[in-house]
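A.B. asks: structure for this input, please:
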Amino acid sequence: MSYDNDNIFAKIMRNEIPSEKVYEDDHTLVIMDIMPRADGHVLVIPKTPARNMLDASATQLSACLATVQKISHAALKAFDADGITLQQFNEAAGGQEVFHLHFHVLPRQTGDKLRPPGNMEDAEIIAANAAKIRQALG
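C.D. replies: Numbering: from 1, shown residues only. Just a heads-up that it's a prediction; the model follows:
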């Protein structure tokens, strides 16, 4: 299957769709998930086309994972979290809904439960959570 240049993350990177950006470097972008399953739920995406990890290059994967680690440390600090859940889905049968490689980073507290998927969060709360992570990044 080929990469769709009109997927939502490609549109976000072209600034055609608004997003709450948390972090950016030469190779990756981190945005807040607008339907968070936990406070501080972010998405790490490569800036170059990749449908998922099955067709991503080693360079794309290593850049994403370096950013995942950096953001995870910041999210732990920002939300006084006890751990991080990392999710990554591949193809529809694997649960992937947006066909641009992305990693979900979710700060977690001991004993908490993830919220159900598909519930939009208030934009002010998303912005406040993004600010917490940006501050923790220094």
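A.B. asks: ok, now how distant is Asp112 from Arg37?
C.D. replies: Between Asp112 and Arg37 the computed distance is 10 Å (C-beta to C-beta, to the nearest Å). Quick note: C-beta positions are derived from backbone N, CA and C, even for glycine.
A.B. asks: more neighbours: the two, which one.
C.D. replies: Counted by other C-beta atoms under 10 Å, Asp112 and Arg37 do not tie: Arg37 has more neighbours, with 19 against 15.
A.B. asks: so which elements touch the top helix by length along the chain?
C.D. replies: Longest helix of the chain, by residue count under DSSP state H: helix 58-78. The contact analysis (3 or more C-beta pairs under 8 Å, 6 or more residues apart in numbering; DSSP states H and E) places helix 58-78 against strand 21-24, strand 28-32, strand 42-46, strand 83-87, strand 103-108, helix 123-137.
A.B. asks: the second one pairs with which strands, and in what direction?
C.D. replies: Just to be clear, that refers to strand 28-32. strand 21-24 (antiparallel), strand 42-46 (antiparallel) (DSSP bridges).
A.B. asks: so which of the ones you listed gets nearest Val68?
C.D. replies: Nearest of the strands paired with strand 28-32 to Val68, taken as C-beta to C-beta: strand 42-46 at 5.1 Å.
A.B. asks: buried ones in that closest one?
C.D. replies: Val42, Leu43, Val44, Ile45, Pro46 (16 or more other C-beta atoms under 10 Å).
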